[in-house]
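Enquirer: Provide a 3D model corresponding to the input given below.
(2 chains)
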Amino acid sequence: MQIYLPIAEVSVNAFLVLGLGGLVGVLSGMFGVGGGFLLTPLLFFIGIPPAVAVATGATQIVASSFSGVLAHFRRRTVDLRMGSVLLIGGLVGAALGIILFNYLRSLGQVDLLVRLFYVVFLGIIGALMFAESLRALRNVRKGKLAPRKKHNWVHGLPFKMRFRISGLYISVIPPLMVGVLVGILAAIMGVGGGFIMVPAMIYLLGMPTKVVIGTSLFQIIFVTAFTTMLHATTNYTVDVVLAVLLLIGGVIGAQVGTRIGVKMKAEQLRILLALLVLVVCGKLALELLLEPAELYSISPVKLT
Amino acid sequence: MMRLVATLVSLLMPMSLSAQEEEIVLGLSQAEVSITTNFDGSEILVYGAVKRDAPPPDIGPLGVVVTVSGPSVPVLVRRKEKKFGIWLNTDAVEVDRAPSYYAVVTSGPLNRVLTRVEDLRHKISIPRAIRSVGAPMHISNATLFTEALIRIRTRSDQYQVIEGGVKLDEDTLFRAAVRLPAALTEGDYAARIFLTRAGRVVARYDTVIDVRKVGLERWLFNLSRENALLYGLMSLVIAIGAGWGASAIFNMLRR
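Expert: Okay, here's the model as predicted:
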């Protein structure tokens, strides 16, 4: 069944888009990542114009994160205080990111930079997570508990705050910094930023994995809603029909994913996410390294 | 302005006079294309007849060329090059005028029904319909860029050349089917029909096919342009509503 998208101005197969939304939704629910890093490249692949894919991807992430966060609220695995601190940083970062994005666009190499950002960040995080979770998995098998570092440089900073649900008493500076960084990346890469935030919360802030997912979903909702509004009012690239299709698949997928996530061990969850991140990174890296079949590309001239 | 029009008319006079012997009477299966939610491309039938007051002139075989052209917008064609081990966009050429859609349907091989001079004058074949001026000085082979543009758009069916697609009966009646792809931009699509004798254009007929979004598509598009803030908020409300709704339904199912 073909559906014509009014803003993207292309006709797509409705079931294909529903399926894409569902797939991303499952991942979103399982790992607490918005799934944007997967959704945006997939949308490019089925022929959605990049600008529309980035903007509509953000809208879809709002929906799937919302349904995900409700499930986490019910289980009390959302640290609202931590989420708010991250959010303040995130909004500042998103605004900074949009300024940076427009500057890069004026230089004419924004496509390449977005792609490099993906490869570098996905590569580093995927590799780190993979190594760490392998080690943790081996320790579990040997019957040893993973030694949890109680004190790193994070604990020496001022402005300490108690985060009861996370069981932390740390400075607000690191979460704020994480929020800003994620906001910048979200604006440039057109993603929610969960795949950066989740590892940062686990390894840098030392939050328990179960709380991390709900909290990152909470922050992602607001940052992506903010990005959606920016895109809708400045570039007119939010396609609501595409978004609705994606989120019908997405919300169902997210529910399924949340249930799977609860049943799995944290180490297994992390190793799966690490593998997924590495696969996407590898595919994007290959596109940069191998000679493309078509050397030329067409893009509209921006009417400014 | 008036003087310019007058000069143009006087320039065109000799041509149009000689073209009076044969005229085109035209019909379209549809003068407008409505883009609805389930729009999946469309086919327009262009049909007509050659009207003559005298027996057909004996100056060569009759040919018919039909072109349909979508709205033209400038595009940027970029080329990738290997630098520092990775493929990245380096050179770019701006093509000032490239129709978003362009179809040429003829009654025979294009070089047979149309001479080069007439092609140049009426801008009929695809390379002529595209205009590119002002490629940067350091790019020597700018034609490669327009060729790439044609290649990419031909592959996606946005540009089509169908030689022999016009069926001609008794040198009088003709008909051609023009296929519009699913990925269509809205606007006024210019349809031109040329009658040729020995490759020279003897008559021409111009008309417009109106391609418009209708219904929900129209409403959403207008809202997104005219009231972007409201449209953005509406998108968010729909998104959050659907997220909440699905969550609620799942909970009910679990109980």
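Enquirer: chain neighbours aside, what residue packs nearest to the one residue in the stretch 1-150 of chain B that gets nearest to chain A?
Expert: Chain A sits closest to residue B:148 of the stretch 1-150 of chain B, with a gap of 3.5 Å, by CB to the nearest CB. Backbone N, C-alpha and C define where each C-beta goes, glycine included. Nearest non-adjacent residue to residue B:148, counting by CB to CB, 6 or more residues apart in numbering or on different chains: residue A:296, 3.5 Å away.
Enquirer: the one you found: neighbour count?
Expert: Residue A:296 has 20 neighbouring residues, counting by other CB atoms under 10 Å in any protein chain shown.
Enquirer: that one contacts residue B:79, doesn't it?
Expert: Yes - using CB atoms under 8 Å, residue A:296 and residue B:79 qualify as a contacting pair, with a distance of 5.4 Å.
Enquirer: flag the shaky bits of chain B, pLDDT-wise.
Expert: By pLDDT under 70, the low-scoring segments of chain B are B:1-20, B:132-139, B:254-255.
Enquirer: would you map out the domains in it?
Expert: B:9-70+B:99-213, B:214-255 (automatic domain parsing).
Enquirer: so how far does stretch A:233-240 reach from one end to the other?
Expert: 14 Å (CA to CA, to the nearest Å).
Enquirer: that stretch near chain B anywhere?
Expert: Yes - using CB under 8 Å from any CB of the partner chain, stretch A:233-240 reaches chain B at A:233, A:236, A:238, A:240.
Enquirer: neighbour-wise, which of the residues you listed leads?
Expert: residue A:238 (30 neighbours).
Enquirer: helices or strands up against the host helix or strand of residue A:269?
Expert: Using DSSP states H and E, the element containing residue A:269 is helix A:266-289. Other elements packing on helix A:266-289 under the criterion 3 or more CB pairs under 8 Å, 6 or more residues apart in numbering or on different chains; DSSP states H and E are helix A:14-31, helix A:36-45, helix A:110-141, helix A:194-199, helix A:209-234, strand B:86-99.
Enquirer: circling back: out of the domains of chain B, flag the one nearest residue A:71.
Expert: domain B:214-255 (6.4 Å; CB to CB).
Enquirer: hmm, back to that, of the residues of stretch A:233-240 next to chain B, which belong to helices?
Expert: Secondary structure assignment by DSSP state H places A:233, A:240 of those in helices.
Enquirer: am I right that residue B:80 falls within a helix?
Expert: No - assessed with DSSP: H, G, I helix; E, B strand; the rest coil, residue B:80 is strand; it does not lie in a helix.
Enquirer: if we can go back for a sec, name the residues of the next helix or strand after the helix holding residue A:269 that are buried.
Expert: Once helix A:266-289 ends, the next helix or strand along the chain (criterion: DSSP H and E) is strand A:296-300. In terms of neighbour count (16 or more other CB atoms under 10 Å in any protein chain shown), strand A:296-300 has its buried residues at A:296, A:297, A:298.
Enquirer: how close does the residue nearest the centre of chain B sit to residue A:59?
Expert: For chain B, residue B:69 is the residue whose C-alpha lies nearest the centre (CA atoms, centre = their mean; 2.4 Å). Residue B:69 sits 34 Å away from residue A:59, going by CB to CB, to the nearest Å.
Enquirer: quick one on the thing from earlier: now the buried residues of strand A:296-300 in a markdown table, with pLDDT?
Expert: Listed next are these as a markdown table, based on pLDDT from 0 to 100:
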| residue | pLDDT |
| --- | --- |
| A:296 | 81 |
| A:297 | 77 |
| A:298 | 77 |
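Enquirer: tell me the one of the residues you listed nearest chain B?
Expert: The closest of these to chain B turns out to be residue A:296 (CB to the nearest CB; 3.5 Å).
Enquirer: still on that earlier bit, now the domains of chain B in CSV, with distance to residue A:15?
Expert: Shown next, in CSV, are those (distance: least, CB to CB, whole Å):
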stretch, distance to residue A:15
domain B:9-70+B:99-213, 13
domain B:214-255, 18
